[in-house]
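S.K.: got a predicted structure here, sequence first:
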Protein chains: 2
Amino acid sequence: MTGRPRTFDKDAVLRMAMRAFWERGYDGVSIAQVCEEAGIAAPSLYVAFGDKDALFEKASALYAEHLDEDLERDLSAPTAREAIERLLQSSAEHFSAPGQPPGCLVMGEPRLAERRSRTRDLIRARLRRAAAEGELASAAEADGVAAFVDTVLAGMAALARDGADRARLLDATRYAARAWPA
Amino acid sequence: MTGRPRTFDKDAVLRMAMRAFWERGYDGVSIAQVCEEAGIAAPSLYVAFGDKDALFEKASALYAEHLDEDLERDLSAPTAREAIERLLQSSAEHFSAPGQPPGCLVMGEPRLAERRSRTRDLIRARLRRAAAEGELASAAEADGVAAFVDTVLAGMAALARDGADRARLLDATRYAARAWPA
DNA sequence: CCCATATTTTAGCGCACGTTAAAGAACGTG
DNA sequence: CACGTTCTTTAACGTGCGCTAAAATATGGG
């Protein structure tokens, strides 16, 4: 029993919703706006994705999928210094990607604090590993550098949303890289 | 002709509203919430402050008054390095002040982008002055450091709102201070 | 004591929100 | 071709929002 076929592209609508949440945040996006942009009526959206919370969860999962891939790739560099430099630079580029909303959905959205926390755990873990391997002086220094890197990442996302161009963000990463011992 | 006397403390209500906007942002605060916390009815609030936009403007002006004082005090240090170090440290302390909401109203609120822009102008101006006086190598370096400092400030505010304690923020300022030439 | 003024109280306006019930329409299956 | 299933359409529900008209109340001045 197949039933009446869907008249819209579910993935395309999810990408539209993701982009809207990325630009304006959870509270800044209404169901009616998503429906109008997608050209569908509200019940179709509810059948396809559930309520607004479920739609947001699916949209943010779609967003964070690419993000986690990048994070793990960057952090897997042989040295922590290189890992962090790659992370900062690729984040700066992501936050200022042409054709995409400036900034970061995860950094900008209050209800994604837990996901931010997990990202920070990964960064801190990578730096503690560097401390254990002797690349950093101590676990305390690893945690300090981690707090600094977390700060720069969140700050670049905020600056991007305020309209900073890519060059400004890369400036920030360049100076950030000088902040801890080589 | 004096008219019926006001039954509430206007300044106290404005402070309550400021705190509410600080904690939850413009969209997260409803007029009804402010009224309930203040123990007054909506028309009293409208007579005293105007509509929600006007209330927010007065509340954010009250907030930014103290902020601008601190900024000018910090930036007036004899050297740019000392000025920036003071700014970062006092900001970290402000963002994690006990008894106050974590983070920063100005940094967290989308509609205060212009005020953030003015703050960044002051920081850049101070660093360009340092370049002109020979403390920094060039105006380009001043702008790069300025972008970095803007980033760290915004990032610390974001981390504070995510629950980072004062020690973490001060960690960030400590490493940030190592980021540009002495 | 009454008036002008300024605030309070009461009640409610219009609107946008998230959500859903009900009925109609398009499919594969038997 | 009727049936079950799934989606679409239409219409509306309840709630909270920002805001305000209208009437009642409390002051100081004449």
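M.R.: In hand now; what should we look at?

S.K.: with adjacent residues omitted, what lies nearest to the closest residue to chain B within chain A?
M.R.: Sorted by distance to chain B under CB to the nearest CB, the residues of chain A start with A:G155, at 2.9 Å. Where C-beta positions appear, they are placed from N, C-alpha and C, glycine not excepted. Distances taken as CB to CB, 6 or more residues apart in numbering or on different chains put B:G155 closest to A:G155, at 2.9 Å, once the chain neighbours are dropped.

S.K.: ok, now A:C104?
M.R.: In space, A:C104 is closest to A:A157, 4.1 Å off (CB to CB, 6+ apart).

S.K.: quick check: the gap between the one you found and DNA strand D.
M.R.: Distance check for A:A157 against DNA strand D: by CB to the nearest atom of the strand, to the nearest Å, it reads 27 Å.

S.K.: what helix or strand is that residue located in?
M.R.: Here A:A157 sits within helix A:139-161, counting by DSSP states H and E.

S.K.: the very next helix or strand once past that helix - what's its average pLDDT?
M.R.: Sequence order places helix A:166-176 as the next helix or strand after helix A:139-161, per DSSP H and E. On average, the pLDDT along helix A:166-176 is 97.

S.K.: helix, strand or coil: sort out the residue nearest to A:V145 when sequence neighbours are not counted for me.
M.R.: Leaving aside its sequence neighbours, A:V145 sits nearest to A:W180 (CB to CB, 6+ apart; 4.8 Å). The local conformation at A:W180, judged by DSSP: H, G, I helix; E, B strand; the rest coil, is coil.

S.K.: show the model's pLDDT score for the residue of chain A closest to chain B.
M.R.: Reported pLDDT for A:G155: 98.

S.K.: verify the contact between it and B:L159 for me.
M.R.: No: judged on CB atoms under 8 Å, A:G155 makes no contact with B:L159 at a distance of 9.0 Å.

S.K.: hmm, A:F56 is touching A:M18, no?
M.R.: No: at 9.2 Å, A:F56 and A:M18 do not qualify as touching, with contact defined as CB under 8 Å.

S.K.: one step back: quick one: the residue nearest to A:V145 and B:A176, what's the gap?
M.R.: 10 Å (CB to CB, to the nearest Å).
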